[in-house]
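1. Any chance you could fold what I've pasted below:
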Amino acid sequence: MTPWRGFGSELQLSPQGFIMIGTITSFISRLLRDRSKAWQSSTELDNLALWGLIRNQHGEISIQGHSVTQLMAEFGSPLLVVHQEKLLADAASICDALNRLVPEAKVLYSYKTNCIPGILRELHAIGIGAEVISPYELWLAEQLGVPGDNVVYNGVDKNDESLRRAIAMGVMSINLDSADEIERVYAISREMNKRVRIGVRLALSDKTQFGLNLKNGEALSVCRRIASYSDYCDLTSIHFNVTSNAKTPDIHIRCGEQALGFIKLLHDTTGQKITFLDIGGGFGVPTSKNMTGGEYGLYRLFGTPPRPPRLQECHEISDYLAEVISALNTCAANLRIPMPRLLVEPGRFITSRAEFLLSTVLAIKEKQGAPLFAITDAGRLSITFPCDFEYHKVHLALLPETRKTGEKLLYHVMGRICTSADWMFKNCYLPKMKSGDVLATMDAGAYFSSYSSNFAFPRPAIVMVVTAGKTYVLRNRETFEHLVAMDMLGCQG
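-> Got it, this is the predicted structure:
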């Protein structure tokens, strides 16, 4: 008997067909799980020094003399912990690299990556500016005292109120993302009788909704309209942002050369000169990675994590930027145009490794034919959504002698919301765990708090540990009262 019957829309599997598919699926699942186990057991990410952390004499993760259990006893669980020393070190590394290569370049932190005011204050205090994408983020930059000429306003939701705010602040650039924005910007600038500096975001990818099209002439047409509004508008910047967590500079070089080609065309056809080339962000870190489409598909189908990132695959930021700048300088020279001043908008690179998430194991459940289920007080539907599409290393916070060398077991690390979709990690090999153990999820400084929600549970506190060993609360743990503070009581009487 064949494993299927019928043809086309009438195709039906026989019992033997279902058995065959089940056998093949089980084989693939075992194969992938074994491969993942080998990857997880040989990863370089077991080294806590990659995040500026150590284990103390008791085998417990420690940050500036604070054990993680001490922090959780004081501030609760789950808990986001910011390492100030690591934050400032990573911020300085990109600023110093640019200062050596092109001293006139500017660094603007991407607010969408981590919009906690206490973190932003640390970055602005050392001269890093703000790249904002929403009316809220623009308002926050103003509240934090960021000078207008150190702010770039990107994004697709630039309502009239926020455009007035940006023009009043005198921001470095309002980057247009669609053709109709220029009319509103011009009308508002005339109404306010105030000049405005404008940038144009180029669409260098056909796979996203962002930017102005190069191929059909849309970007050039908008630039010509800006030139016709020269009584109030100055076109100063060409911008692109096309990648995330890139390990090598190839895509920045390729897109930067396209942008310079457009700047050359713009100069030849309209005479306009561009002051800034904004190459966006997306500079990668060695300790996490975005899953490829294939890796994501296998993870969702079979639950097997992809290969952990390899440290050697990620360029040092100084080398990364040196290659980009060298290539762009060569391109500009070949085009016979002056190289514009460089703007960069790193987010992940500055904050990713400076923050980690602590969560508590609430229970361990055994199910026949399945990995162990570790139920925790954190999950992707509330706190760790980036774990859905990125690789993040998780450490057991306390490793006493009895668990340092023991065999690792296979776990699905789950959240506490009543749906099987609320997981943190699938098929993750960890030392044998018990209720009360603490997990540390690394690289939580990029998008964890930005994507977090209060789905059924209040959001956690965020605390910063400073170099002197002191701690500062950056965000209080949400209370039940906070969750309903904006709600109305409904109809009465």
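
2. who's in contact with the nearest residue in space to residue 244 that is not next to it in sequence?
-> Nearest residue to residue 244, sequence neighbours excluded (CB to CB, 6 or more residues apart in numbering): residue 282, at 5.0 Å. (C-beta placed from N, C-alpha, C; glycine too.) Applying CB atoms under 8 Å, 6 or more residues apart in numbering, we find residue 282 in contact with 241, 242, 243, 244, 245, 246, 251, 252, 348.

3. again with residue 328
-> Counting by CB under 8 Å, 6+ apart, residue 328 makes contact with 253, 256, 257, 260, 277, 339, 342.

4. Give the helix, strand or coil label for it.
-> Secondary structure, DSSP: H, G, I helix; E, B strand; the rest coil: residue 328 is helix.

5. Stretch 397-408: which residues count as buried?
-> Residues 397, 398, 399, 403 are the ones in stretch 397-408 that count as buried (16 or more other CB atoms under 10 Å).

6. Tell me if I am right that the last one is in a helix.
-> Yes - according to three-state DSSP, the state of residue 403 is that of a helix.

7. Low-confidence stretches in this structure?
-> For the chain, the stretches with pLDDT under 70 are 1-13, 17-22, 491-493.

8. what residues go with each domain of it?
-> 45-82+353-483, 84-351 (automatic domain parsing).

9. right, and the ones you listed - which one's nearest residue 36?
-> domain 84-351 (4.6 Å; CB to CB).

10. Any idea how far apart the tips of the closest one sit?
-> 10 Å (CA to CA, to the nearest Å).

11. ok, now which ones touch residue 225?
-> Contacts for residue 225 (CB under 8 Å, 6+ apart) come out as residue 182.

12. how far away is it from residue 235?
-> The gap separating residue 225 from residue 235 is 10 Å, by CB to CB, to the nearest Å.

13. ditto for residue 154
-> Applying CB to CB, the value for residue 154 to residue 235 is 16 Å.

14. Please apply the same query to residue 260.
-> Residue 260 is 16 Å from residue 235, by CB to CB.

15. These two - which one has more neighbours?
-> The neighbour count for residue 260 versus residue 235, taken as other CB atoms under 10 Å, is higher for residue 235 (26 against 23).

16. now the helices: where do they sit in the stretch 151-300 of the chain?
-> 160-169, 181-192, 218-228, 250-270, 293-302 (DSSP state H, counting those that start in this stretch).

17. Same check on the stretch 1-150 of the chain?
-> Under DSSP H, counting those that start in this stretch, the stretch 1-150 of the chain gives helices at 15-42, 68-75, 84-101, 117-125, 135-143.

18. Go through those helices and name the closest to residue 356.
-> That would be helix 68-75 among these, by CB to CB, at 8.7 Å.

19. That closest one: which residues count as buried?
-> Neighbour-count burial for helix 68-75 flags 68, 69, 71, 72, 75 (criterion: 16+ other CB under 10 Å).

20. Could you find the closest non-adjacent residue to residue 353?
-> Of all residues not flanking residue 353 in the chain, residue 51 sits nearest, at 5.2 Å (CB to CB, 6+ apart).

21. cool, residue 229 as well?
-> Closest to residue 229 by CB to CB, 6+ apart is residue 186, at 4.6 Å.

22. Okay, and residue 331 sits in which element?
-> helix 317-335 (DSSP states H and E).

23. Restrict that helix to CA atoms and write it as PDB.
-> C-alpha atoms of helix 317-335 as PDB (Å, rounded to 0.1, in the frame of the first residue of the first chain):
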ATOM      1  CA  ILE A 317      34.500  47.700  16.400                       C
ATOM      2  CA  SER A 318      37.700  49.600  15.600                       C
ATOM      3  CA  ASP A 319      38.500  47.300  12.700                       C
ATOM      4  CA  TYR A 320      34.900  47.300  11.500                       C
ATOM      5  CA  LEU A 321      34.700  51.100  11.400                       C
ATOM      6  CA  ALA A 322      38.200  51.400   9.800                       C
ATOM      7  CA  GLU A 323      37.200  49.200   6.900                       C
ATOM      8  CA  VAL A 324      33.900  51.100   6.400                       C
ATOM      9  CA  ILE A 325      35.600  54.500   6.500                       C
ATOM     10  CA  SER A 326      38.500  53.400   4.200                       C
ATOM     11  CA  ALA A 327      36.100  52.100   1.600                       C
ATOM     12  CA  LEU A 328      33.900  55.100   1.700                       C
ATOM     13  CA  ASN A 329      36.800  57.500   1.400                       C
ATOM     14  CA  THR A 330      38.000  55.600  -1.600                       C
ATOM     15  CA  CYS A 331      34.500  55.700  -3.100                       C
ATOM     16  CA  ALA A 332      34.200  59.400  -2.600                       C
ATOM     17  CA  ALA A 333      37.600  60.000  -4.100                       C
ATOM     18  CA  ASN A 334      36.700  57.900  -7.200                       C
ATOM     19  CA  LEU A 335      33.400  59.900  -7.500                       C
END
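
24. List the buried residues of that helix.
-> Under the neighbour-count criterion of 16+ other CB under 10 Å, helix 317-335 has 317, 320, 321, 322, 323, 324, 325, 327, 328, 331, 332, 335 buried.

25. swap in stretch 382-399?
-> Within stretch 382-399, the residues scored as buried using 16+ other CB under 10 Å are 382-388, 390-399.
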